[in-house]
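Asks: okay, here's the prediction I keep looking at, along with the sequence it came from:
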Protein chains: 2
Amino acid sequence: MQAEIITIGDELLLGQTVDTNSAWMGEELRKKGVSVNRIVSISDRPSEISAALDEALSRVDLVLVTGGLGPTRDDVTKHTLADYFNTDLVLDQDVLDRITAWFEGRKLKMLPSNCDQALLPESCVILPNPRGTAMGMWFDTLREGKDKVVVSMPGVPYEMKGLMEEEVMPRVESKWSLPVRYQKTVLTQGIGESFLSAIVHDWEEGLESRGIGIAYLPAPGQVRIRLSSIGEDADSRVDDAMKELLDQAGEHVVAEDGMSLEEALIAALGRAEASLSTAESCTGGSIAARLTAIPGASAVFEGSIVAYANGIKTHVLGVDAQLIEAHGAVSEEVVRAMAEGVRKAMKTTYALATSGIAGPGGATPTKAVGTIWIALASPKGTHTRCLQLGNHRGRNIARTALECMGWLLRELRSA
Amino acid sequence: MQAEIITIGDELLLGQTVDTNSAWMGEELRKKGVSVNRIVSISDRPSEISAALDEALSRVDLVLVTGGLGPTRDDVTKHTLADYFNTDLVLDQDVLDRITAWFEGRKLKMLPSNCDQALLPESCVILPNPRGTAMGMWFDTLREGKDKVVVSMPGVPYEMKGLMEEEVMPRVESKWSLPVRYQKTVLTQGIGESFLSAIVHDWEEGLESRGIGIAYLPAPGQVRIRLSSIGEDADSRVDDAMKELLDQAGEHVVAEDGMSLEEALIAALGRAEASLSTAESCTGGSIAARLTAIPGASAVFEGSIVAYANGIKTHVLGVDAQLIEAHGAVSEEVVRAMAEGVRKAMKTTYALATSGIAGPGGATPTKAVGTIWIALASPKGTHTRCLQLGNHRGRNIARTALECMGWLLRELRSA
């Protein structure tokens, strides 16, 4: 079964908003066996919306529309859909009550334009949206003797996601009998897609004949590998193939089953009943921020000293000022003392430390931008490594954080 | 002048990749007076690519294509374009030399598929891509007596951006005489789009007749307002309107001229010759990470103590353990002591502190998820505030970081 996605809004065409909704919807649809044929972003002119609907309905059975709904935008999508499907807008008392309650719950004043949001096309199925004031709309329609569906949702990502999960996908699954897809993912780190692919080349060649699809999903410094299949024994076929993958490339795998590196590290620290602290200079607290973004981080993560200025390295972390003077703040000696200093101050099993030149400025005659020292202090002693990264500050910070966390995770696994 | 963007790749339709290229291109085009009519994402099947090109060329004069180029993808876009424009692929020795040099510079092995990247359509203008091995291609074509252009670029964002800035936009500007656009933006914080719009309603109504466009660009907790105009006196008309906006809504403005809140705060601290440290519990280092993401942060930002565990609050930050026992870690008393503790330890002019229940767990009978105390310590004393946010951990952390930074910025401006 094929679907298309239409995202509506001048802000998408003007580059004011990155369309993250489509990728999320594409993934949800794929998981349920629906493939997306096209994603089209258009302006909120009614003629554009109608033309895009005509085109999409000529190609596929399901059209998901987001955006162009909401009090300040004159609900252009709603009016256009009512015209397109030849139906009237009528007041839905139930929806009006929901909207009223939504405002009361937030102690916000309700504007007349919010009341208008309870005017909805008569012929559609209204999909309740408890997260906002613009409802979802499900239109059944007939094209060349075939049942087709247009669904309209607000463009606010978390409202759209709630509607997709609670209303749209259950209806899609019950309307079309969709094949069940089984998938497993692993997250690899520190190796590029083409090098990974070369390692597992022969195994990968054989996947197609076993009915298994493989996808490499790259992110900066990481590649997620996904195996998926539909039909009988999909689960055991995918599980077997995943075992073979781990045999061949397991050393590059940092997390399984859709986990992030941060989640895997927190889980591994928990299993080891170990605790962690960080002393961050060039990463500026981003290792701490990444870890504490995960619920439950407090069970294993004690805290961090972000020692951005040299004075903090000496006064708060206890790094010997002479060490900094002799070797510079970006040095093996200093990063080692930082890791040991924070491990002692925070009384943790492990400590990670970073000190480097993230760029774009800050290079010295002997140290280029992208020179970054990292240290891992553990009960068995302290180890250091030097990374040579590029010129891009944001990427250098992210890569350093990933390297540090991946390093500790491998250490925990080999312990 | 109108353009369309076609992004090619199954990964876009499967939700594996968020298309950030289109928004970036849309903004670049808009700045130069080119409006984007549609953005279409399609699979890398040749028939889909040809169909999308036909449709786009029937509507607009310029079609920008990204993706489907590269050694592992069989260069489907390149082959399809050669067929589409009835031209042969020929070896370009200059490009082969570039690609060879690219690999030599990185000490990487060159694969046969990389040599194939020097096979390029004979009829196109080759746009050199010093950042990678897939070149850009510029095709001039005639449709119904009108000069039209198709440009193909690789999908890797930083390669595409380099090609757009150095090759594509200069050619677009010289081919079509485009109106110059003048724009100014301000960043507001802590007030929603509809409330902002209500404050400046009358002023906003008058903008159209003055030839000034207004856009509200919302992000979590912030709204950027952009005024823009084309034609004679565009700069003075926009500048005047911006002054009027600041008169009416200046109290909500945290940054001007395209700056982020973090950049504005670092600049304001620099002007005041003041320094900053943070003591972060529920924000887990994300204020520090946001500030140190900005080049030059080291001039004003000394460091942070991320006191995630209560033990760190007492041992490292010097918060009285009895204070925590009496009031709980999430309390006015403790957040005040945290701010004062880190200000003293790091000897800074200002200090910010956070302690709260970011969620989703951690609520107590008297403190709901989203209860967050923040403190600002300054030479004049310490102030505290309590935020009541929602249930979403990531949003709570981000909102708290923004509130803290905005608070200090207002303090610096009123000093």
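Replies: Looks like it came in fine. A quick note: this is a predicted structure, and the numbers were derived from the prediction, not measured. Residues are numbered from 1 along each chain as shown, chains lettered A, B, ... in the order given.
Asks: average model confidence for stretch A:277-289?
Replies: Taken as a whole, stretch A:277-289 has an average pLDDT of 98.
Asks: report whether it contacts chain B.
Replies: Yes. For stretch A:277-289 and chain B, the contact criterion (CB under 8 Å from any CB of the partner chain) is met by A:Ser277, A:Thr278, A:Glu280, A:Thr283, A:Gly284, A:Gly285, A:Ser286, A:Ile287, A:Ala288, A:Ala289. Every C-beta, even on glycine, is put in place using the N, C-alpha and C of the backbone.
Asks: from those, which two are the most distant?
Replies: Pairwise distances across the residues of stretch A:277-289 next to chain B peak at 15.6 Å for A:Ser277 and A:Gly284 (criterion: CB to CB).
Asks: in which helix or strand would I find A:Ala56?
Replies: For A:Ala56, the host element (DSSP states H and E) is helix A:46-59.
Asks: in helices, which of the residues of stretch A:277-289 next to chain B appear?
Replies: Mapping the residues of stretch A:277-289 next to chain B onto helices (DSSP state H) picks out A:Ser286, A:Ile287, A:Ala288, A:Ala289.
Asks: from the residues you listed, pick the one nearest A:Lys380.
Replies: Among those, A:Ile287 lies closest to A:Lys380 (CB to CB), at 20.8 Å.
Asks: thought the closest one was touching A:Ala401?
Replies: Yes. Counting by CB atoms under 8 Å, A:Ile287 touches A:Ala401, with 4.8 Å between them.
Asks: name the residues contacting each of those two.
Replies: Counting by CB atoms under 8 Å, 6 or more residues apart in numbering or on different chains, the contacts common to A:Ile287 and A:Ala401 are A:Thr354.
Asks: between these two, who's got more neighbours?
Replies: A:Ile287 (33 against 29; other CB atoms under 10 Å in any protein chain shown).
Asks: list the contacts of the nearest residue to A:Leu163 once chain neighbours are set aside.
Replies: Excluding the flanking residues, the one nearest A:Leu163 by CB to CB, 6 or more residues apart in numbering or on different chains is A:Gly136, at 4.5 Å. Contact analysis of A:Gly136 by CB under 8 Å, 6+ apart lists A:Ile126, A:Leu127, A:Pro128, A:Asn129, A:Val151, A:Ser152, A:Met153, A:Pro154, A:Leu163, A:Glu167, A:Val168.
Asks: including distance to A:Asp320, could the residues of stretch A:277-289 next to chain B go into TSV?
Replies: Formatted as TSV, those follow (distance: CB to CB, whole Å):
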residue	distance to A:Asp320
A:Ser277	19
A:Thr278	20
A:Glu280	19
A:Thr283	22
A:Gly284	22
A:Gly285	23
A:Ser286	26
A:Ile287	24
A:Ala288	24
A:Ala289	28
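Asks: is any residue of the longest helix belonging to chain A near chain B?
Replies: Counting residues, the longest helix found in chain A (DSSP H) is helix A:393-414. Yes. Using CB under 8 Å from any CB, helix A:393-414 reaches chain B at A:Arg393, A:Gly394, A:Ile397.
Asks: mind listing the strands for the stretch 201-350 of chain A?
Replies: Along the stretch 201-350 of chain A, counting by DSSP state E, counting those that start in this stretch, strands occupy A:213-219, A:222-230, A:253-256, A:276-280, A:301-307, A:350-356.
Asks: quick one: name the residues of the stretch 1-150 of chain A near chain B.
Replies: Within reach of chain B by CB under 8 Å from any CB, the stretch 1-150 of chain A has these residues: A:11-20, A:22-30, A:35-43, A:71-72, A:111.
Asks: kindly recompute the last result at 7 Å.
Replies: A:12-20, A:23-27, A:30, A:36, A:38-42, A:71-72 (CB under 7 Å from any CB of the partner chain).
Asks: among these, which are located in strands?
Replies: In strands, judged by DSSP state E, the following of those are found: A:Val36, A:Arg38, A:Ile39, A:Val40, A:Ser41, A:Ile42.
Asks: looking at these, which one is closest to A:Thr364?
Replies: Ranked by distance to A:Thr364 (CB to CB), these are led by A:Ser41 at 46.6 Å.
Asks: what's the residue nearest to that closest one when sequence neighbours are not counted in contact with, if anything?
Replies: Of all residues beyond its chain neighbours, the one nearest A:Ser41 is B:Ile39 (3.9 Å), with distances taken as CB to CB, 6+ apart. Neighbouring residues of B:Ile39 by CB atoms under 7 Å, 6 or more residues apart in numbering or on different chains: A:Leu12, A:Leu13, A:Ser41, B:Ile5, B:Ser22.
Asks: neighbour-wise, which of those leads?
Replies: Within the contacts of B:Ile39, neighbour counts (other CB under 10 Å) peak at A:Ser41, which reaches 31 neighbours.
Asks: which residues touch that one?
Replies: By CB under 7 Å, 6+ apart, A:Ser41 lies in contact with A:Thr7, A:Leu12, A:Leu13, A:Asp19, B:Arg38, B:Ile39.
Asks: surely the second one is in contact with A:Asn21?
Replies: No. In this structure, A:Leu12 is not within contact of A:Asn21 by CB atoms under 7 Å, at 9.6 Å.
Asks: just to revisit the earlier point, could I get the contacts of B:Ile39 as TSV with distance to A:Leu409 and pLDDT?
Replies: Shown next, in TSV, are the contacts of B:Ile39 (distance: CB to CB, whole Å; pLDDT from 0 to 100):
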residue	distance to A:Leu409	pLDDT
A:Leu12	38	91
A:Leu13	42	92
A:Ser41	39	97
B:Ile5	39	98
B:Ser22	35	96
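Asks: between these, which is nearest B:Pro220?
Replies: In terms of CB to CB, no member of the contacts of B:Ile39 lies closer to B:Pro220 than A:Leu12, at 18.0 Å.
Asks: grab the nearest non-local neighbour of that closest one.
Replies: A:Ser41 (4.4 Å).
Asks: kindly report the same for A:Pro121.
Replies: Nearest non-adjacent residue to A:Pro121, counting by CB to CB, 6+ apart: A:Ala82, 4.3 Å away.
Asks: who are the packing partners of the helix or strand encompassing the one you found?
Replies: A:Ala82 belongs to helix A:76-84 when assigned by DSSP H and E. Packing partners of helix A:76-84 (3 or more CB pairs under 7 Å, 6 or more residues apart in numbering or on different chains; DSSP states H and E): helix A:46-59, strand A:119-121.
Asks: would you list those in CSV and tack on mean neighbour count?
Replies: Putting the helices and strands packed on helix A:76-84 into CSV (neighbours: other CB atoms under 10 Å in any protein chain shown) gives the following:
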stretch, mean neighbour count
helix A:46-59, 17
strand A:119-121, 21
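Asks: adding mean pLDDT, write those out as JSON lines.
Replies: Shown next, in JSON lines, are these (pLDDT from 0 to 100):
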{"stretch": "helix A:46-59", "mean pLDDT": "96"}
{"stretch": "strand A:119-121", "mean pLDDT": "94"}
